[in-house]
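K.L.:
What follows is a predicted protein model with its sequence.
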Amino acid sequence: MKLRIIAGAVALTSTGVLALSSSLLASPNYNGCKSSASAGVDWSGCKKIAKYLQEKDLRGANFERTNLSRTNLMKAKLNKARLRRADISKAILRQADLSGANLEKAVGMRAYMDGAKLRSANLQKIELYRAQLQAADLSNANLIGAQLGRTNLSGAKLLGANIKYANLARADLRSASVEGADFTSAYFFRTRLEGVDLSAAKGLSQVQLDLACGDTKTALPDGLKPGQQWPCH
C-alpha cells in the first residue's frame with residue numbers, strides 16, 4: 001500500500017480511499033480568533049472568555065458558536081452581529097446595542113442585559129434563565145420559544161414582540177410595555193404581571209392568567225378575567 005500526500009490530503013492509493021484533508025481537521029477559523037476586536041470581525045467558534053470589550057464597535061461581527069461567557073461588552077455596538085448558538089452566560093451586555101442581531105439558540109444564563117437595545121433582534125429559542133433584562137428594548141424582537149424562566153424583564157419594552165411558545169415561568173414583567181406583543185401559548189407559571197397593561201397584548205388565554213400572578217392594577221384584554229389566585233402569596 002502506497003501513501004501519497006496530495007495538497008494536504010492523504011491518499012491510500014492501493015484501495016483508492018481518500019482520507020480527510022488536513023485542512024478539514026484544523027480549526028476553520030484559527031487565524032480569525034487572533035484578530036483584534038473590530039466591526040465585522042469573524043470570531044466564529046472562538047473562545048473569548050472574560051475579555052474586556054466595553055464600548056467596542058463590533059457591528060456586523062460574527063460570533064456564531066463563540067464562547068463569550070463572563071465577557072464585558074457593556075455599551076458595545078453589536079448591531080446586526082451574528083451570535084447564533086453563542087455562549088453569553090454571565091456576560092455583561094448592559095446598554096449594549098444589539099439591534100437586528102441574531103441570537104438564535106444562544107445561551108445566556110444569568111447574563112446582564114439591562115438597558116440593552118434588542119430591537120428587531122432574533123432571540124428565537126434563546127436560553128436566558130435568570131438573566132437581567134430590566135428596561136431593555138425588545139420591541140419587535142423574535143422571542144419564539146425563548147427560555148426566559150426567572151428572567152427580570154421589569155420595565156422592558158416588548159412592543160410588538162413575538163413571544164409565542166416562550167417559557168416565562170416566574171419571570172418578572174412588572175412595569176413592562178407589552179402593547180402588540182404576541183403571547184400565544186407562552187408558559188405563564190407564576191409570571192409577575194402586577195400592574196402590567198395587557199389590554200393590547202395578543203394571544204393571551206384564561207389558562208395563562210390562571211397560572212400567572214397579577215393584581216387589581218393588571219389591565220386585561222376584553223373577555224379575560226383575573227386569575228383565581230390573584231394576588232399571589
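P.N.:
Here it is on my side, so go on.

K.L.:
Let's verify residue 33: helix, strand, or coil?
P.N.:
With DSSP: H, G, I helix; E, B strand; the rest coil as the basis, residue 33 sits in helix.

K.L.:
same thing with residue 207?
P.N.:
helix.

K.L.:
How about the contacts made by residue 125?
P.N.:
Applying Cβ atoms under 8 Å, 6 or more residues apart in numbering to residue 125 gives the contacts 104, 105, 144, 145, 146, 147. For the C-beta atoms, the positions are set from N, CA and C on the backbone; glycine is no exception.

K.L.:
quick one, what contacts the first one?
P.N.:
With contacts taken as Cβ under 8 Å, 6+ apart, residue 104 has the following neighbours: 84, 85, 122, 123, 124, 125, 126.

K.L.:
Tabulate these (CSV), appending pLDDT, secondary structure and distance to residue 196.
P.N.:
Output for the contacts of residue 104, formatted as CSV (pLDDT from 0 to 100; DSSP: H, G, I helix; E, B strand; the rest coil; distance: Cβ to Cβ, whole Å):
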residue, pLDDT, secondary structure, distance to residue 196
84, 98, coil, 31
85, 98, coil, 32
122, 98, strand, 25
123, 98, coil, 20
124, 98, coil, 23
125, 98, coil, 24
126, 98, coil, 22
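
K.L.:
For the residues you listed, please prepare TSV with the additional fields distance to residue 219.
P.N.:
Listed next are the contacts of residue 104 as TSV, based on distance: Cβ to Cβ, whole Å:
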residue	distance to residue 219
84	36
85	38
122	29
123	26
124	28
125	30
126	28
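
K.L.:
sorry, back to before: return the member of the contacts of residue 125 nearest to residue 217.
P.N.:
Nearest to residue 217 among the contacts of residue 125, counting by Cβ to Cβ, is residue 146 at 26.1 Å.

K.L.:
correct me, but that closest one touches residue 121?
P.N.:
No. Under the criterion of Cβ atoms under 8 Å, residue 146 is not in contact with residue 121, lying 11.0 Å apart.

K.L.:
returning to that earlier point: ok, the contacts of residue 125 vs residue 155, which is closest?
P.N.:
Nearest to residue 155 among these, with distances taken as Cβ to Cβ, is residue 146, at 18.2 Å.

K.L.:
any idea how far that closest one is from residue 139?
P.N.:
Look at residue 146 and residue 139: by Cβ to Cβ, to the nearest Å, they are 15 Å apart.

K.L.:
Looking at the two, which is more packed in?
P.N.:
A direct count of neighbours by other Cβ atoms under 10 Å for residue 146 and residue 139 places residue 146 higher, at 28 against 21.

K.L.:
Once you drop chain neighbours, what's closest to the more buried one?
P.N.:
What sits nearest to residue 146 in space, not counting adjacent residues and going by Cβ to Cβ, 6 or more residues apart in numbering, is residue 166, at 4.5 Å.

K.L.:
and the one you found, how many neighbours does it have?
P.N.:
When neighbours are defined as other Cβ under 10 Å, residue 166 has 29 of them.
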